[in-house]
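Trainee: Dropping the sequence and predicted coords here.
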Amino acid sequence: MATTASSPIAERYAKALCHLNHARRTQRLGLILGSGVSDSLKIPKWEKLIKQLELQLEYNSGGAPASYRAEQLFQHYKKNRADQLGWQSGEKLDAAITAGWRDVIAGCLYTNFRGKNGKLNRSAYEIKIEQHPYLSRLGKLAQDAALVVTHNFDDALEVAIDLDKSVTAPTNRRFHSFWKPEPFLRRGMVNIYHPNGFIPLRRDLKGSENLILTEASFADHLANTNTEESHFLLRHLADKTCLIIGHSLSDGTLKNALRQHANQRPGHVNYYVHWNRHGESGLSEDQRNAIREANFETYNLVTIFANSLDIAEILQIISMSEGDLEGLLAHHSMVSRYVYYIVGAVSAGKSTTLRHLRDLATVEEWPRAMPTVMNRPSLGLKKSQEMIIDEKLEDAIWNKNSEIRDIKTGIVAVDRAPLDFIAFPARKNETLGVTARKRADAVLERLKLSGLRDLCPGQVIVVQADTEVLVERQLLRSGRAKPEEVADGSTERYLERQSKRLAEIYKRAIDIKSVIETDCCSIAISVKAAARIVHFGNYQPFDFAGRLRAIQKGK
């Protein structure tokens, strides 16, 4: 895609696409696919598949839920097949029935690719895949994904990968399709997990022994909550940023995993493509807002509204090089790097918040070891100690800024912002202006050469907590607060002063409600509030240079 091309999708979902692009480039992208992906191939969804099975087996299963109707169909087929074979009950009979049942499903699944002779037409299948609105691009992107989970029985993705002429790997080393959780993913191959089973059209691919289609198989699958199968998807959700395509969020196993993941990692989001024939315009603003909120509150999903052509563009943008995506967004006068500086008084919970946002690119408070002299309050330090702190702070701020600048596209969460040093005075009655005038040249030595123009812009998120809570947390941290200092109130006064100074420095961030509270709710609630600011709020970078000049002037 040319960087000058018009791209409404990029304009609407720039932040999400930058995050997904960064996840791909850092080998942390996951793909989760549903039946909607195969819809353009005219591979039947479950409801239609059940109807085709009814016609094939000449049995009416009624109007019950699909899985229960499938169970009836299986039992009907099982009895007839057992009668035909006339074998004694046992494992051999069970195997023959299972194999036959799988063949019946395969016949219905690929019914649109049968020739006049009744045989499956692989060529017609491949042509249809090449004509699919986005399957070829999905096949390309899958090659950069850490894991692909597809709840479909078909092998459309595998064929799309094989049809990609840019793939140079031998045919038996391009992908690894599996349906039972494996302890290790294969390196150098696309790992494609079919949790519901696998029935390839191609005869050179091995299918699964069983399929999750009937009431009994679904019940067993959902009941096994303490097995490797139930934990496999959850484990991979935990360390990847996943893009969900072709799902209506009706699959019970996926919903269960997403809900557990949302409860365990409230700051970690995944992305869900809500398909509509007309894209975003096919839904009213109220509908989009309701869907967006429901998906985020329940499953920690950020929703992208798109049609099939939009999905093709989304996949292409995610597959772009860092420079090309930066250029595309620059053409639309949009940023490609979203930086969030997390600030707060000591023990407010900023580092805890950052720890829960590690699906983003993160930058630590101290790129190198923190100086030991900073393990105590800033008041009453010797001049030599102040100089050591300022020197180390300057080095840390410079190196953090360089680390951020190296990331061209993505979302970055940073522990502390460059003006935090003003909140740590050397004397009790020292004003913000005095601290800024005395220390800015030393702490921002290399950045001040450009008037802070080289400082990476970013939005400030202020983490706040009640002073009494801060004192309690300091006591819990070994050596951070002495009982006698707590008893005489000096610790409380110090922390309260620090909180007030930070609130004054970053007043603009508080005014735009870029704030999370960590003392009146659980970690899960406060971290989710931070995720909401990052993923749903308008990006509003803080004017560090302007604020520093104002503080130095006493404003």
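Mentor: Cool, the structure landed.
Trainee: quick one: the strands in the stretch 51-200 of the chain?
Mentor: For the stretch 51-200 of the chain, strands defined by DSSP state E, counting those that start in this stretch occupy the ranges 147-150, 175-178, 190-193.
Trainee: Tell me which of the ones you listed lies nearest to residue 511.
Mentor: Taking CB to CB as the criterion, strand 147-150 is the member of the strands of the stretch 51-200 of the chain that comes nearest to residue 511, at 42.4 Å. (Glycine included, C-beta is placed from N, CA and C.)
Trainee: Which elements pack onto the closest one?
Mentor: If contacts are counted by 3 or more CB pairs under 8 Å, 6 or more residues apart in numbering; DSSP states H and E, strand 147-150 sits against strand 29-33, strand 190-193, helix 228-238.
Trainee: Could you list the alpha-carbon positions for that strand in CSV?
Mentor: Extracted in CSV, the C-alpha atoms of strand 147-150 (Å, rounded to 0.1, in the frame of the first residue of the first chain):
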residue,chain,number,x,y,z
LEU,A,147,-0.2,-18.6,17.1
VAL,A,148,-3.3,-18.9,15.0
VAL,A,149,-6.4,-20.4,16.6
THR,A,150,-9.2,-21.3,14.2
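Trainee: can I get the CA coordinates of stretch 71-87 in CSV?
Mentor: Extracted as CSV, the C-alpha positions of stretch 71-87 are listed here (Å, rounded to 0.1, in the frame of the first residue of the first chain):
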residue,chain,number,x,y,z
GLU,A,71,-26.1,-35.1,18.7
GLN,A,72,-29.4,-36.6,17.5
LEU,A,73,-28.0,-36.8,14.0
PHE,A,74,-24.9,-38.5,15.3
GLN,A,75,-26.9,-41.1,17.3
HIS,A,76,-29.1,-41.7,14.2
TYR,A,77,-26.0,-42.2,12.0
LYS,A,78,-24.3,-44.4,14.7
LYS,A,79,-27.2,-46.8,14.9
ASN,A,80,-27.6,-47.2,11.2
ARG,A,81,-23.9,-47.6,10.6
ALA,A,82,-23.6,-50.2,13.4
ASP,A,83,-26.5,-52.1,11.8
GLN,A,84,-24.8,-51.9,8.4
LEU,A,85,-21.5,-53.2,9.7
GLY,A,86,-23.0,-55.9,11.9
TRP,A,87,-19.8,-55.9,14.1
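Trainee: any idea of the mean pLDDT in it?
Mentor: Per-residue pLDDT values over stretch 71-87 give a mean of 93.
Trainee: So what's the gap between it and the chain middle?
Mentor: 45 Å (CA atoms, centre = their mean, to the nearest Å).
Trainee: Show me what that stretch is in contact with.
Mentor: The contact list for stretch 71-87, computed with CB atoms under 8 Å, 6 or more residues apart in numbering, reads 50, 53-54, 57, 59, 61-62, 64, 89, 93, 96-97, 100-101, 104, 213-216.
Trainee: Now tell me what touches stretch 255-268 from outside.
Mentor: Counting contacts by CB under 8 Å, 6+ apart, the residues touching stretch 255-268 from outside are 222, 230, 233-234, 237-238, 249, 270, 298-301, 353, 356-359, 523-525, 527-528, 530-531.
Trainee: sorry, back to before: by mean pLDDT, show me the worst of the helices and strands packed on strand 147-150.
Mentor: Ranked on mean pLDDT, the bottom entry among those is helix 228-238, at a mean of 81.
Trainee: who does it touch, helix- and strand-wise?
Mentor: With contacts taken as 3+ CB pairs under 8 Å, 6+ apart, helix 228-238 sits against strand 147-150, helix 252-264.
Trainee: strand partners of the following helix or strand past that helix, parallel vs antiparallel please.
Mentor: The C-terminal neighbour of helix 228-238 among helices and strands, as given by DSSP states H and E, is strand 241-245. Strand 241-245 sits in its sheet next to strand 29-33 (parallel), strand 270-275 (parallel), going by DSSP bridges.
Trainee: Now do the strands in the stretch 251-400 of the chain.
Mentor: For the stretch 251-400 of the chain, applying DSSP E, counting those that start in this stretch gives strands covering 270-275, 301-306, 337-344, 361-363.
Trainee: Give the buried residues for stretch 442-462.
Mentor: Along stretch 442-462, these residues count as buried under the neighbour rule (16 or more other CB atoms under 10 Å): 442-445, 447-448, 452, 455-462.
Trainee: Name the helix or strand for residue 457, please.
Mentor: Residue 457 belongs to no helix or strand when elements are defined using DSSP H and E.
Trainee: Is it in contact with residue 539, as I believe?
Mentor: No: with contact taken as CB atoms under 8 Å, residue 457 and residue 539 are classed as non-touching, separated by 9.6 Å.
Trainee: Would you quantify the distance from residue 149 to residue 433?
Mentor: Look at residue 149 and residue 433: by CB to CB, to the nearest Å, they are 56 Å apart.
Trainee: Compare the two and say which is more crowded by neighbours.
Mentor: Neighbour totals were compared for residue 149 and residue 433, and residue 149 leads with 23 against 15 (other CB atoms under 10 Å).
Trainee: hey, what's that one bridged with?
Mentor: Partner residues in beta bridges with residue 149, using DSSP bridges, are residue 32, residue 193.
Trainee: Number the chain from 855, please
Mentor: Noted, 855 is the first residue going forward, which turns the last one into residue 1003.
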